[in-house]
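[1] Let's see this in three dimensions:
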Amino acid sequence: MSALKFHQFACLSDNYGVLIHDLQTGDTASIDAPDADAVENALKGNGWSLTHILVTNHHWDHTQGIAELKSKYGCHVIGPQAEASKIDTLDETKNDGDQFTFGGETADVISTPGHTLGMINFYFPKSGVVFTGDTLFALGCGRIFEGDANMMWNSLSKLAKLPPETVVYCGHEYTQANANFCITIKPENQALAQRAKEIDSLRAQGKPTLPTTIGLELETNSFLRVGDAAEFARIRTAKDNA
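    Purely as a prediction, here's the structure:
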């Protein structure tokens, strides 16, 4: 049985941070560091001390808090080898297929370029949890800034092959807007329509729509329910122009 505990918290305008805490060793990791104060408040609220930061990509809203947190806690920072030149706070770099140990679990590194060229995601198979950064969102996917559509489609296809019960934590609360867009692509999808109502209710109460699961995304996320990269590219362009 997994000894990991997960704590999600909102920060910045629409980001999410997540803390991973190993109950046996006391190790605590932050997925990215969108805002140092928000991470520290989450740590204090749980009575935890930061030992690691796991970085998905180099964008400022995922990295700007690293230096302050590292200075305060002396934590070990792991991130993408392909973006090491853009993240000067890394202590250890990882590539696709690499593994590392956190607490009592082994984490798998999945390369998911598209949003950025060096994006990596972190999969904890024992806990059944994946951290997708800005690759896969609830009912959406990241905007393609540095890669191309074929690259992003291949990245999403990797994530789609994870077990359907895998819990997905991603970097932003974009779900309501994503749901509204997905309905324009697949208005006949009854599971999507029902999910959109649930999302509207959650947001009206100020509650998060995350985490999600791979299975739920395969059922309702229009970006995963396409046949090839060309069709994906058309949908991604439509979303960009919406």
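[2] any idea which residue of the chain is furthest from its center?
    Glu188 (28.0 Å; C-alpha atoms, centre = their mean).
[3] show me what contacts it?
    With contact set as C-beta atoms under 8 Å, 6 or more residues apart in numbering, Glu188 has no partners. Every residue, glycine included, has its C-beta placed from N, CA and C.
[4] Ok, Tyr123 next?
    Ala107, Asp108, Val109, Ile110, Val129, Val130, Phe131, Leu162, Thr166.
[5] do His7 as well
    Val18, Leu19, His21, Ala42, Asn46.
[6] Can you say which of the residues you listed are buried?
    Val18, Leu19, His21, Ala42 (16 or more other C-beta atoms under 10 Å).
[7] sorry, back to before: among the contacts of Tyr123, which one sits closest to Ala38?
    Nearest to Ala38 among the contacts of Tyr123, counting by C-beta to C-beta, is Phe131 at 16.7 Å.
[8] what about the helices in this structure?
    Counting by DSSP state H, the chain has helices at residues 36-46, 60-63, 66-73, 149-160, 175-185, 190-204, 214-220, 229-240.
[9] where does the protein dip in pLDDT?
    For the chain, applying pLDDT under 70 flags the ranges 1.
[10] May I ask you to confirm that Asp61 is in contact with Asp14?
    No - in this structure, Asp61 is not within contact of Asp14 by C-beta atoms under 8 Å, at 9.2 Å.
[11] more neighbours, those two?
    Counted by other C-beta atoms under 10 Å, Asp61 and Asp14 do not tie: Asp61 has more neighbours, with 19 against 13.
[12] first vs last residue of stretch 205-223, how far apart are they?
    Distance across stretch 205-223, first residue to last, is 27 Å (C-alpha to C-alpha, to the nearest Å).
[13] Only the buried residues of it, if you could.
    Those would be Thr209, Leu210, Pro211, Thr212, Thr213, Ile214, Leu216, Glu217, Thr220, Asn221, Ser222, Phe223, for stretch 205-223 by 16+ other C-beta under 10 Å.
[14] The last one: what's it in contact with?
    Under the criterion of C-beta under 8 Å, 6+ apart, the contact list for Phe223 reads Gly140, Cys141, Leu156, Phe232, Ile235, Arg236.
[15] Tell me which two in the contacts of Tyr123 are the farthest apart.
    Applying C-beta to C-beta across the contacts of Tyr123, the maximum distance is between Val109 and Thr166, 15.4 Å.
[16] The residue lying closest to Gly97 once chain neighbours are set aside pairs with what?
    Counting by C-beta to C-beta, 6 or more residues apart in numbering, Gly97 lies nearest to Val109, which is 6.8 Å off, once chain neighbours are set aside. Taking DSSP bridges as the rule, Val109 bridges to Phe122.
[17] got it, and Tyr169?
    Beta-bridge partners, per DSSP bridges, of Tyr169: Phe131.
[18] ok, it to Asp88 distance?
    Going from Tyr169 to Asp88 by C-beta to C-beta, to the nearest Å gives 26 Å.
[19] re earlier: reformat the helices of the chain into a markdown table and put distance to His115 next to each item.
    Shown next, in a markdown table, are the helices of the chain (distance: least, C-beta to C-beta, whole Å):
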| stretch | distance to His115 |
| --- | --- |
| helix 36-46 | 22 |
| helix 60-63 | 10 |
| helix 66-73 | 19 |
| helix 149-160 | 7 |
| helix 175-185 | 15 |
| helix 190-204 | 22 |
| helix 214-220 | 16 |
| helix 229-240 | 11 |
